[in-house]
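Student: Please find the sequence and the predicted model below.
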Amino acid sequence: MEAILDAVKRNTRGKNEARRLRVAGQIPAVVYGAQKAGDAPAPEAVAVDPKPFMRILHSSSGLNTLITLKIADGNQARVLVRNVQLDPVTHHLLHADFYRVNMDRKITVTVPITLRGDARGVKQDGGILDFVHREIEVEVLPAEIPNSIEIDVTDLGIGGAIHVRDVAANAAWTPVTDPDLMLVHVITIKVAEETPAAGADGAAAPAGGAAEPEVAKKGKTDKDGEAKPAGKDDKKKDEKKK
């Protein structure tokens, strides 16, 4: 996507100048890079209207929008957004950096990944689509920067995956990101193992079956608490009582 943005050259810098520009409805910006091939890079201070600039940033191409920056003195430059500074509280634009691009020279940009379709492994087999990486770096001519890289996941089954190399074939761009990097795949849902049924008191039953109740032993107990069999002396005492 291409856009046009008007700019005004400014000759002063500093915090006071920046405040004055913001009060007047402008934001300070700097354009980096050489104006012509062979020239030394010379930063140029300008001011731009934040409203049309925000519309560019919120467009489908966002930071990758190729902008024709029309400066009031009659010059213009093809630029990309290098950096933006926002107020941490209001999120209003405070400052912007642009850099000039050579339309015949490839540049490296970050492009988002988008998905299209319903994966077969999810729709039919009950799997989960895992979107692993949502953007990659590519090398491309400024005029051919894609808004996004679309991936069709319709035929993706359980265990299936799509890597960078799968979407780079016949593209106008060259991947800078590792071609073996996985972008998306379909995985199965792990089922938790069944636990033994709990007893009436809430405790799980032992693996070897229900425990048998302990039978109390008849007879007296010794000093250690162990039961001992009834002897002859005990029998005689019982007979006397009778």
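Tutor: That came through, no problem.

Student: in the chain, what spans have low per-residue confidence?
Tutor: In the predicted model, the chain carries pLDDT under 70 at residues 36-40, 191-242.

Student: ok, which stretches of it are helices?
Tutor: With DSSP state H as the criterion, the chain has helices at 15-23, 50-57, 120-123, 164-168, 232-241.

Student: I'd like to know how far the residue lying closest to P28 once chain neighbours are set aside sits from E139.
Tutor: Once flanking residues are discounted, P28 sits nearest to A18: 4.9 Å by Cβ to Cβ, 6 or more residues apart in numbering. Placement of C-beta: from N, CA and C, glycine included. Relative to E139, A18 is positioned 35 Å away (Cβ to Cβ, to the nearest Å).

Student: Next: R165.
Tutor: According to Cβ to Cβ, R165 and E139 sit 15 Å apart.

Student: mind giving me the domain ranges of this protein?
Tutor: Using automatic domain parsing, the domain parsing of the chain gives 2-100, 107-187.

Student: so how far is the longest one from its chain's centroid?
Tutor: Once both centres are worked out by Cα atoms, centre = their mean, to the nearest Å, domain 2-100 turns out to sit 29 Å from its chain's centre.

Student: now the end-to-end length of that domain.
Tutor: End-to-end distance for domain 2-100: 14 Å, by Cα to Cα, to the nearest Å.

Student: Of A18 and E139, which one has the most company?
Tutor: Set A18 next to E139 and count neighbours by other Cβ atoms under 10 Å: A18 wins out with 18 against 12.

Student: Surely the more buried one and Q85 touch.
Tutor: No. Under the criterion of Cβ atoms under 8 Å, A18 makes no contact with Q85, lying 10.3 Å away.

Student: Please identify every residue contacting each of these two.
Tutor: Residues touching both A18 and Q85 comprise L94, H95, with contact defined as Cβ atoms under 8 Å, 6 or more residues apart in numbering.

Student: And the helices of the chain: which comes nearest T108?
Tutor: T108 lies closest, by Cβ to Cβ, to one member of the helices of the chain: helix 164-168, at 14.5 Å.
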